[in-house]
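Enquirer: sequence below, structure please.
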Amino acid sequence: MHKCCTSHQTQRAQRRLNGLQLPLNYLQVIGWVVFFITALFNFVVLIQIQFYELKLVSIIVYAFLYVFHIISHLVALLLDPGEADLRKQKPSTLPEFDRAIHAHVIENGRCHLCNINTSSRKTKHCGICNKCVDRFDHHCKWLNNCVGQRNYAAFILCVISALLIALFTSVLCLTDIALFFKNPHQLSSMTRNFVNCTQIADVSYDSKYCASSISFLTFLLVLCTSGLAVACALLHLLCFHIYISILGVSTYEYIVKNPQTTSLSYGFCSTKIRKLYLINNHKTNSDEKANEKTIYRQSTPEIEPNVKSFLSTLINDEISKAKKMFLYDNNKIHPSTEDGIS
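Expert: Model (predicted):
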């Protein structure tokens with residue numbers, strides 16, 4: 001009997017078909033709970049604070065974003081990203097991998113566990129889902145499913161919709177805080193009655209602060225801060241996937257092949273970049289230095305370069321460096337064209 005949830009992910013005896021198969025991941029369940037609670041706060045509380053026109057806009061925007069997010073989440077969750085040949089087979093108990101027999105799970109384009117021929121070089125065998133995933137990107141704990149070619153677009157749309165929900169929530173909170181201090185009459189009648197401190201006998205007529213107004217501001221600040229924190233994390237994730245898409249690599253390939261960089265301080269900031277210019281040592285003694293080595297070092301121009309030019313050079317240099325690292329020929333999981341069957 002499978003446990004309902006687990007935080008320690010181990011290899012399954014049979015391959016996972018979707019993210020709803022037991023055991024679920026604790027992060028997956030926590031994500032659902034947080035999503036439900038924030039949706040409840042947004043529709044039941046936050047929307048009711050707005051004035052009439054903004055309330056209508058908020059209902060339409062939230063309804064669209066939440067429906068869009070749920071659909072994209074379910075597609076990424078339920079769609080099996082496994083290889084096409086594997087999806088045609090019924091789930092069966094897979095043998096344990098024996099490294100004494102094979103060095104890698106996938107060799108020469110064939111998976112020794114799934115017993116199929118892989119469709120591309122980017123196919124990987126996920127040890128958690130125990131299946132070959134076409135154009136494997138990563139195993140997502142929040143989805144409890146692998147992300148591959150079939151559900152990658154749905155995964156990105158899920159991230160974008162969640163980012164927009166978090167940003168829109170923060171914008172509404174900041175708007176309500178500004179209205180409270182500048183023009184409280186713009187708030188809804190229910191909100192004005194709730195934060196009206198003049199109805200309390202021991203509060204002065206001109207005071208805006210009492211238990212109800214302070215709790216109102218505290219709620220908005222907490223919700224706004226939470227929304228911004230979630231938005232920053234999701235924006236970082238989205239920018240990372242944009243970056244690796246420019247490089248033409250997957251998350252897995254980026255993590256495995258990410259090169260070591262040299263820390264270098266440049267003026268107002270400290271960043272990790274490789275040294276930019278190639279120079280040769282001058283020969284001082286032909287007998288002692290017959291084989292001269294090429295070394296790298298940072299150039300020291302006489303005139304301080306323009307910041308915009310430096311950033312452009314830095315970005316282009318980093319992308320070129322990453323592409324050279326990731327576009328390698330030695331591939332152990334799929335045969336090259338010259339190694340094809342004659």
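Enquirer: who's in contact with C224?
Expert: Contacts for C224 were tallied using CB atoms under 8 Å, 6 or more residues apart in numbering; they are T169, S170, C173, L174, I177. Every C-beta, even on glycine, is put in place using the N, C-alpha and C of the backbone.
Enquirer: nearest residue to it in space, please, no chain neighbours.
Expert: Spatial nearest neighbour of C224, chain neighbours left out: C173 (3.6 Å); criterion: CB to CB, 6 or more residues apart in numbering.
Enquirer: next secondary structure after the one helix or strand the one you found maps to?
Expert: Element membership for C173, per DSSP states H and E: helix 152-182. Once the chain leaves helix 152-182, the next helix or strand it forms, by DSSP H and E, is helix 189-195.
Enquirer: tell me which other helices or strands that next one touches.
Expert: helix 47-49, helix 211-247 (3 or more CB pairs under 8 Å, 6 or more residues apart in numbering; DSSP states H and E).
Enquirer: from L221, how far off is S161?
Expert: As for S161, its distance to L221 is 25 Å (criterion: CB to CB, to the nearest Å).
Enquirer: more crowded one of those two?
Expert: Set S161 next to L221 and count neighbours by other CB atoms under 10 Å: S161 wins out with 21 against 13.
Enquirer: find the nearest non-adjacent residue to the more buried one, please.
Expert: Closest residue to S161 in three dimensions, ignoring its sequence neighbours and counting by CB to CB, 6+ apart: H69, at 3.8 Å.
Enquirer: list the contacts for that neighbour?
Expert: With CB under 8 Å, 6+ apart as the criterion, the residues that contact H69 are C158, S161, A162, I165.
Enquirer: just those now: which is nearest L46?
Expert: Proximity of these to L46 (CB to CB) peaks at I165, which lies at 11.4 Å.
Enquirer: and the closest one, how many neighbours?
Expert: Counted with other CB under 10 Å, I165 comes out at 24.
Enquirer: what about it, distance to V34?
Expert: In this structure, I165 and V34 are 11 Å apart, going by CB to CB.
Enquirer: one more: K182?
Expert: Counting by CB to CB, the separation of K182 from V34 is 32 Å.
Enquirer: so for those two, which sits in the more crowded spot?
Expert: More neighbours surround V34 than the other of K182 and V34, with 12 against 8 (other CB under 10 Å).
Enquirer: just the element for the more buried one, please.
Expert: Following DSSP H and E, the helix or strand that holds V34 is helix 26-41.
Enquirer: for this protein, which element, helix or strand, carries the lowest mean pLDDT?
Expert: When the helices and strands of the chain are scored by mean pLDDT, DSSP states H and E, strand 277-280 comes last with a mean of 26.
Enquirer: which residues touch the closest residue to L228 other than its chain neighbours?
Expert: Counting by CB to CB, 6+ apart, L228 lies nearest to S170, which is 5.1 Å off, once chain neighbours are set aside. Shown here is S170, whose contacts under the criterion CB under 8 Å, 6+ apart are L223, C224, G227, L228, A231.
Enquirer: over to A84?
Expert: By CB under 8 Å, 6+ apart, the contact set of A84 is S119, D134.
Enquirer: same check on L56?
Expert: Taking CB under 8 Å, 6+ apart as the criterion, L56 is in contact with no other residue.
Enquirer: give the rounded mean pLDDT of stretch 234-251.
Expert: Averaged across stretch 234-251, the pLDDT comes to 94.
Enquirer: for that stretch, buried residues please.
Expert: Using 16 or more other CB atoms under 10 Å as the burial criterion, the residues of stretch 234-251 that qualify are L234, H241, I244, L247, V249, S250, T251.
Enquirer: and which of the residues you listed is nearest C132?
Expert: Lowest distance from C132 to those (CB to CB) belongs to S250, with 14.2 Å.
Enquirer: so who does T191 touch?
Expert: For T191, the set of contacting residues under the criterion of CB under 8 Å, 6+ apart consists of Q48, I49, D176, F216.
Enquirer: what about the chain, any weak spots by pLDDT?
Expert: Along the chain, segments meeting pLDDT under 70 span 1-3, 5, 7-12, 93-103, 198-209, 259-314, 318, 321-342.
Enquirer: any idea how far W32 is from F168?
Expert: Applying CB to CB, the value for F168 to W32 is 20 Å.
Enquirer: tell me which of the two has more neighbours.
Expert: Regarding F168 and W32, a neighbour count based on other CB under 10 Å identifies F168 as having more, with 19 against 13.
Enquirer: for the helix holding V34, which positions count as buried?
Expert: Here helix 26-41 shows Q28, G31, F35, T38 as buried, counting by 16+ other CB under 10 Å.
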